[in-house]
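**Q** Would you be able to build a 3D model of this:
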Amino acid sequence: MKEEHAVAKIHPHHQAMAGILDQAPLSARHYRLWLLATAGPLLSGVSMMVLGISLPLLRAPFHLSPSSTGLAAASLMGGTVIGALLSGHLADRFGRRPLLIANALGLLLAGIWLSLTPNTSLLILGELVLGVAVGGDCPVGSSYIPEFMPQNHRGRMLAASMALQPLGMLLSAGIALLLMHGNGAAWRWLMAWQAALALPYFLGRWRLPESIRWLMAHGRNQVASAELARFAPQRSKELQRMGRELGNRTHTVSKIQITPKPAWGVLFSEEYRRRTWLVTLPWFLMDMATYGIGLFTPLLLASMSVLPESLPACQKDWINTLHTAEVDFLLLAGALTALWLVPRFGRMQMQIQGFLGMALGLLLLWGATTAHWSFFLLFLGFALYNFTMTVGPNATTFILPTEMYPTQVRALGSGFAAAFAKIGATLAVFLLPILQRDLGVEMLLLGMALLSLLG
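**A** Prediction:
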């Protein structure tokens, strides 16, 4: 692909249609579209918590070693890399709606597969498929949401999407607490819980409209005007006329002319290169710390606990899951706070302050190790880490890619940033059980604090 620097002037009708989208009052239709586009963040939290809770229960029946434990977790994260790259690229070419439906189907089938898996190999393969669907849904959903939302509500609605990630974690922890007490096979029901959550998304997405901005960007103006009339019915006749007069004229606001089949190189063109590094590197470092700590919180708490060795594995896991839910509650509190702070103070300011808070929280956790697992420091460290992570980097790294690229490559850019970040997450979750065994928890916590400072 060759990009040209002479960009066609925006047609007044396209300006008018974009203005109607930007200024439309927030309605029940907006909330419905938002809800159906948020499977990725919700199932991301659910899948991470479910696997983290299930791994201790699977050690005995599946004979899991530290390396196979890390491989199972890395398969989930590695799948998100594949899914984000593929779905982002395909969503820019073929539309948001087909990929939203396909990813929901993948989430549903992967959940069923994992609930029936008989051995470690199929567990790892099932987590890979689940990761592809979760990773693919995030960039498509994060592109779809701002392309419908009124201008003044985009940042808040995207931050609200990320609030579903900790909500999914807490819901899964609650379900686990109900299922696990004295039940060593509860992990199968936890895996099935993922499929149960994916089913309404799969059914509901069949009725989703295609993104109006994507339709305009691909010259399908009559379809775009018909969909837009649902948000502004009083201007229906005017919009029909605009659609007819526009014909197949494409709408673009990019700095360079992008063909209908954009290549990866556009993300590293002179015009977008700095933006690409801005949205990828901090997210990469955050995910290394976040998924390394988040996925293995039950395992880390288990290594810090002084539970009697005589307790059955399922009872130990139940107690550690309860403690995980207690500290993870701060994830939801941070995500809800981000709804107010991020629009008020800006993306970059909240990202920087959040990384500093993450580092301080991890240092407090390290301090708890030297104080023989002081409960106060332990709780304070997890609380500060979880709160500042979700109020800052977790929200802003999700929002920034959608705001840095034009419609033609928005999903491509979001997918690349998410995939690059999940490479870091994959490395972290694969290496963490091995490093925990070889170096100890104390050195791991210092390493995660360093990653947060680098972010």
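
**Q** Could you give me the buried positions within stretch 118-138?
**A** Of all the residues in stretch 118-138, those buried under the rule 16 or more other C-beta atoms under 10 Å are 120, 123-138. No exception for glycine: its C-beta is placed from N, CA and C like everyone else's.

**Q** Likewise for stretch 68-76?
**A** Going by neighbour count (16+ other C-beta under 10 Å), the buried part of stretch 68-76 is Ser68, Thr69, Gly70, Leu71, Ala72, Ala73, Ala74, Ser75, Leu76.

**Q** need those in CSV with pLDDT and distance to Leu365, can you?
**A** What follows is those, written out as CSV (pLDDT from 0 to 100; distance: C-beta to C-beta, whole Å):
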residue, pLDDT, distance to Leu365
Ser68, 81, 26
Thr69, 78, 21
Gly70, 75, 21
Leu71, 83, 26
Ala72, 83, 24
Ala73, 77, 20
Ala74, 80, 23
Ser75, 87, 27
Leu76, 86, 24
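
**Q** I'd like to know which of these is nearest to Ala39.
**A** Leu76 (15.6 Å; C-beta to C-beta).

**Q** Quick check, the closest one in contact with Leu128.
**A** Yes - using C-beta atoms under 8 Å, Leu76 makes contact with Leu128 at a distance of 7.3 Å.

**Q** hang on, the earlier thing: let's have the buried residues of stretch 68-76 in JSON lines, adding secondary structure and distance to Gly174.
**A** Shown next, in JSON lines, are the buried residues of stretch 68-76 (DSSP: H, G, I helix; E, B strand; the rest coil; distance: C-beta to C-beta, whole Å):
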{"residue": "Ser68", "secondary structure": "helix", "distance to Gly174": "28"}
{"residue": "Thr69", "secondary structure": "helix", "distance to Gly174": "24"}
{"residue": "Gly70", "secondary structure": "helix", "distance to Gly174": "27"}
{"residue": "Leu71", "secondary structure": "helix", "distance to Gly174": "28"}
{"residue": "Ala72", "secondary structure": "helix", "distance to Gly174": "23"}
{"residue": "Ala73", "secondary structure": "helix", "distance to Gly174": "22"}
{"residue": "Ala74", "secondary structure": "helix", "distance to Gly174": "27"}
{"residue": "Ser75", "secondary structure": "helix", "distance to Gly174": "26"}
{"residue": "Leu76", "secondary structure": "helix", "distance to Gly174": "21"}
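
**Q** Which elements pack onto the helix or strand where Gly83 lies?
**A** Of the helices and strands defined by DSSP states H and E, Gly83 is found in helix 66-94. In terms of contacts (3 or more C-beta pairs under 8 Å, 6 or more residues apart in numbering; DSSP states H and E), helix 66-94 is packed against helix 39-58, helix 96-116, helix 120-144, helix 407-439.

**Q** Out of these, flag the one nearest Ser87.
**A** helix 120-144 (3.2 Å).

**Q** continuing past the closest one, what's the next helix or strand?
**A** helix 154-180.

**Q** now that next one against helix 120-144, angle please.
**A** 150 degrees (axes from the mean of the first three to the mean of the last three C-alpha atoms, to 10 degrees).

**Q** from the chain's centre, how far out does helix 154-180 sit?
**A** Here the centre of helix 154-180 is set off from its chain's centre by 11 Å, with C-alpha atoms, centre = their mean, to the nearest Å.

**Q** and it, what does it pack onto?
**A** Applying 3+ C-beta pairs under 8 Å, 6+ apart, we find helix 154-180 packed against helix 28-36, helix 39-58, helix 120-144, helix 186-204, helix 313-345, helix 375-391, helix 393-404.

**Q** quick one: it to helix 28-36, angle?
**A** With the same axes, to 10 degrees as the basis, helix 154-180 and helix 28-36 are set at 50 degrees to each other.

**Q** how much does helix 154-180 deviate in direction from helix 393-404?
**A** Going by the same axes, to 10 degrees, helix 154-180 makes 140 degrees with helix 393-404.

**Q** For helix 154-180, list every residue counted as buried.
**A** Buried residues in helix 154-180, counted by 16+ other C-beta under 10 Å: 154-173, 175-177, 179-180.

**Q** and that helix, average pLDDT?
**A** Averaged across helix 154-180, the pLDDT comes to 83.
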